[in-house]
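*Asks:* 3D, please:
(one chain, ligands or ions: 1)
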Amino acid sequence: MTPQAVREWVREARRIVVLTGAGMSAESGVPTFRDAQSGLWANFRPEELATEQAFRAHPSMVWEWYALRREMIAKVAPNAGHLAIAAFQQRHPGRLAVVTQNVDGLHQRAGSPGVLALHGNIADDRWLDAPRACCDAQAPEAGTPPRCATCGNLRRPAVVWFGEMLPAAELEAAGEAAARCELMLVVGTSGLVYPAAGLARSTRGRVVIVNPGATDLDDAADALLAGTAAALLPLLLDEERNP
Ligand code: NAD
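*Replies:* Numbering: from 1, shown residues only. Presented below is the predicted three-dimensional model:
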C-alpha cells in the first residue's frame, strides 16, 4: 500500500482516529522508552522506575528521573507530524480525534483540541496517597518530591504508571471513538502496552500503521507505511500537498 492510496482513505473517511505512542515525538527529540535509558539511567528499565512500588521504595530516585524528563520535554517543540494533525483538525472540525499514550503534551501544544491522553501528562503532579486535611506541599530539597510536613504524604507525577488503571473517562471516550471511526492511523507505538493497543484491534475501520519498524499490531493493519511520523503525516493529511 502506498501513501497515495492512504491519502484517498483519509479523504473518504468521515471519522478518523490517530492513536499515537512514543515514536510520534521522537523527531521532536523526546526519546522513546527504548532509547531513553542512557548515561546514569542505563542500568534501569523504565518498567522498574515507572511504578508505584518503585516510587515508594526510592522516591527521590524516581522523582529525579521524572524531573530530567520534564526538563527535557519543556525544551522541545511539536514536530511536523503533530502540526499536520492539528492543522487537519482545524480544517475539519470534529472529524479527527487524537488518542495518545504520550505524556509529553506535544499534541496539545501543537493545537490539537480534546486530546485523549490515556497515560496522563508529565507536567502535572498529584498526591501519592488520598490527601488529608493537613496535606500541603512543602518546597522540596533539590531532587526530592514535595511532601506534606505533617503526615509525610508525597507529590508524584500525574502519569499512569505500569500496573495502574487508565483514567476512566478518557479510556471510555477513546473506546467510543475507535468503535465509530472509519480510519485509524496508528503512529509510533510498538503496540505492546494495553489497553491502548487494544483500540487498534477493536475498530471496524481501516487500520494504517505509520512506523519505521515492525510493531505488534502489524497483523491487524490494512496498510503498513514504513516511515516516520514527521515525514508521513503531512503527506497523508495535507490535501494541498502534492504527493
Ligand atoms: P515504545 O517506546 O514501546 O515504541 C516506540 C515505537 O515508535 C517503536 O515501534 C518505534 O519503531 C517507533 N518509532 C521510533 N521513531 C519513530 C518515528 N520517528 N516515527 C514513527 N514511529 C517511530 O512506545 P509506546 O508504544 O508508546 O509504549 C511505551 C510507553 O511509554 C507508553 O505508555 C508511553 O506513554 C510511554 N512513553 C511516552 C513518551 C512520551 O510521552 N513522548 C516517551 C517514552 C515513553
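*Asks:* Please count neighbours and contacts with C-alpha atoms only from this point.
*Replies:* Noted.
*Asks:* would you list every one of the helices in the protein?
*Replies:* Shown for the chain, the helices assigned by DSSP state H span residues 3-12, 33-36, 46-49, 52-57, 59-75, 80-91, 106-110, 168-180, 198-202, 229-237.
*Asks:* Which of these comes out lowest on mean pLDDT?
*Replies:* Between those, the lowest average pLDDT goes to helix 33-36, which shows a mean of 66.
*Asks:* Residues touching the longest strand along the chain, excluding its own?
*Replies:* Taking DSSP state E as the criterion, the chain has its longest strand at strand 120-127. By CA atoms under 8 Å, 6 or more residues apart in numbering, the list of residues contacting strand 120-127 from outside reads 66, 70, 102-105, 153-160, 167.
*Asks:* switch the cut-off to 6 Å
*Replies:* For strand 120-127, contacts defined as CA atoms under 6 Å, 6 or more residues apart in numbering pick out 103, 154-159.
*Asks:* thinking again about what came up before, output the helices of the chain as a markdown table; include the columns mean neighbour count.
*Replies:* Formatted as a markdown table, the entries for these read as follows, by neighbours: other CA atoms under 10 Å:
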| stretch | mean neighbour count |
| --- | --- |
| helix 3-12 | 16 |
| helix 33-36 | 12 |
| helix 46-49 | 16 |
| helix 52-57 | 15 |
| helix 59-75 | 16 |
| helix 80-91 | 20 |
| helix 106-110 | 20 |
| helix 168-180 | 17 |
| helix 198-202 | 18 |
| helix 229-237 | 21 |
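*Asks:* wait, which of the ones you listed is closest to D136?
*Replies:* Distances from D136 to each of the helices of the chain were compared using CA to CA; the shortest belongs to helix 59-75, at 17.7 Å.
*Asks:* How far off centre is the closest one?
*Replies:* Taking CA atoms, centre = their mean, to the nearest Å, one finds helix 59-75 lying 17 Å from the centre of the chain it belongs to.
*Asks:* Then stretch 210-227?
*Replies:* Between the mean C-alpha point of stretch 210-227 and the mean C-alpha point of its chain there is a distance of 18 Å (CA atoms, centre = their mean).
*Asks:* Need phi/psi at A133.
*Replies:* phi -60, psi -30 (degrees, to the nearest 10).
*Asks:* neighbours around it, how many?
*Replies:* Residues within reach of A133, counting by other CA atoms under 10 Å, total 6.
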